[in-house]
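1. output the structure for:
(one chain, ligands or ions: 1)
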Amino acid sequence: MLSVTQLGYLGLSVSNVDEWERFATSVLGLQANGREADGSLFLRMDEYHHRFIVHPTGKDDLAYIGWEVATEEALQAMATQLTAAGVAVQPGTPKEAEARRVAGLMKFHDPSGIASELFYGPLVTFDKPFQSPRPISGFKTDEQGLGHFVVAVDDLDRSLHFYRDVLGMRISDFVRFSPAPGVMLNVAFFHCNPRHHSIAFIAMPNPPKRLNHFMLQLKSLDDVGATYYLCQDQGIPIARNLGRHTNDHMVSFYLRTPSGFEVEYGWGARVVDDSTWQVQMHTAGSMWGHRPGSR
Ligand code: FE2
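-> As a prediction, the model looks like this:
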């Protein structure tokens, strides 16, 4: 089955783009890469023109997902695969492709109604290398895509079927744990390349936000540690303190973004080799740490 190859970009809808630009650049170390006429902000973290587009549309939540495929032929074949599964696929216009800085795209909605895009041919600027405004070693992307993100859905089985059997992704593992007495969370993790997961789903009826968090993987543990203490020094809200996850082995902490959802800032995740990987189930999210933070 044909699969998407990586998480290419995320669109965010926020109420304060200026605050987001300050947070993304001076705390996360992302690079601002200009704005559109409507005020939308491009953020980059590698050779891609952008990995995030931050729109001033006020929802403070995920706006859309950009899944990458390798070629125009793969884009057409994936559209056929979606259509065969009964999904309405809308070809992107040249103007829409230009707005995303890609050679071509298609649009659809996932079973939870999340706006989703398939694209190929992202604009890359090796002639203008990524430069973080902070003294960090940079982000682990390449064939693993921008990172991962976690969304809340009311029907986990429906998402599992769609992302596995229609988008061609593979299940990495499941985490079932109780964050508080009387509360049980089921989380399913999916990969489409060696990154342990590009997307994960939390089963949750009527979630306050679709987006729980997105994750940026740093190249050095020092980047994570230095940023952890920068947050403490500057009063940046830390949602969860340092810890190591059971499934992807990521050492990370979680920051609260200006939009209320969180960013996981991590290092050291293990990768998936599909020829040997076996699905596992965990009853804890972390080996150690990740305790509730200051806010
Ligand atoms: Fe995460």
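2. for Phe52, list each beta-bridge partner.
-> Judged by DSSP bridges, the bridge partners of Phe52 are Leu10, Leu43.
3. what does the pLDDT read for it?
-> On the pLDDT scale, Phe52 is placed at 98.
4. swap in Met281?
-> 96.
5. hang on, it in a strand?
-> Yes - according to DSSP: H, G, I helix; E, B strand; the rest coil, Met281 belongs to a strand.
6. what's in contact with the helix-or-strand element of the chain with minimal mean pLDDT?
-> In the chain, no helix or strand scores lower on mean pLDDT, DSSP states H and E than strand 170-180, which sits at a mean of 91. For strand 170-180, the external contacting residues (C-beta atoms under 8 Å, 6 or more residues apart in numbering) are 3, 160, 164, 184-192, 196-197, 246-248, 272, 274, 277, 279-285. In short, each C-beta sits where N, CA and C put it, glycine included.
7. equivalent analysis for stretch 200-212, please.
-> Here stretch 200-212 makes contact (C-beta under 8 Å, 6+ apart) with 12, 60-62, 112, 114, 148-156, 159-160, 185-190, 260-262.
8. rewinding a little: in ChimeraX, how would I select just the buried ones from the contacts of strand 170-180?
-> The ChimeraX command for the buried members of the contacts of strand 170-180 (criterion: 16 or more other C-beta atoms under 10 Å) is given here:
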select :3,160,164,187,188,189,190,191,192,196,197,246,247,248,272,277,282,285
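9. filter the contacts of strand 170-180 down to the ones in strands?
-> Secondary structure defined by DSSP state E assigns Met184, Leu185, Asn186, Val187, Ala188, Phe189, Phe190, His191, Gln280, Met281, His282 of the contacts of strand 170-180 to strands.
10. residue ranges of each domain in this protein, please.
-> Using automatic domain parsing, the domains assigned to the chain come out as 6-122, 142-289.
11. please save the CA atoms from stretch 120-134 in PDB.
-> Backbone C-alpha positions of stretch 120-134 (Å, rounded to 0.1, in the frame of the first residue of the first chain) are rendered in PDB as follows:
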ATOM      1  CA  TYR A 120       4.900  17.000  -3.300                       C
ATOM      2  CA  GLY A 121       7.800  19.200  -4.300                       C
ATOM      3  CA  PRO A 122       8.400  21.500  -1.300                       C
ATOM      4  CA  LEU A 123      10.500  24.600  -1.800                       C
ATOM      5  CA  VAL A 124      13.900  24.100  -0.200                       C
ATOM      6  CA  THR A 125      16.600  26.800   0.200                       C
ATOM      7  CA  PHE A 126      20.000  25.200   0.600                       C
ATOM      8  CA  ASP A 127      21.400  28.500  -0.700                       C
ATOM      9  CA  LYS A 128      20.000  30.200   2.500                       C
ATOM     10  CA  PRO A 129      20.800  27.700   5.200                       C
ATOM     11  CA  PHE A 130      18.600  27.500   8.300                       C
ATOM     12  CA  GLN A 131      19.900  29.800  11.000                       C
ATOM     13  CA  SER A 132      18.400  29.600  14.500                       C
ATOM     14  CA  PRO A 133      18.100  32.800  16.300                       C
ATOM     15  CA  ARG A 134      19.300  30.900  19.400                       C
END
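12. brilliant, that's me finished.
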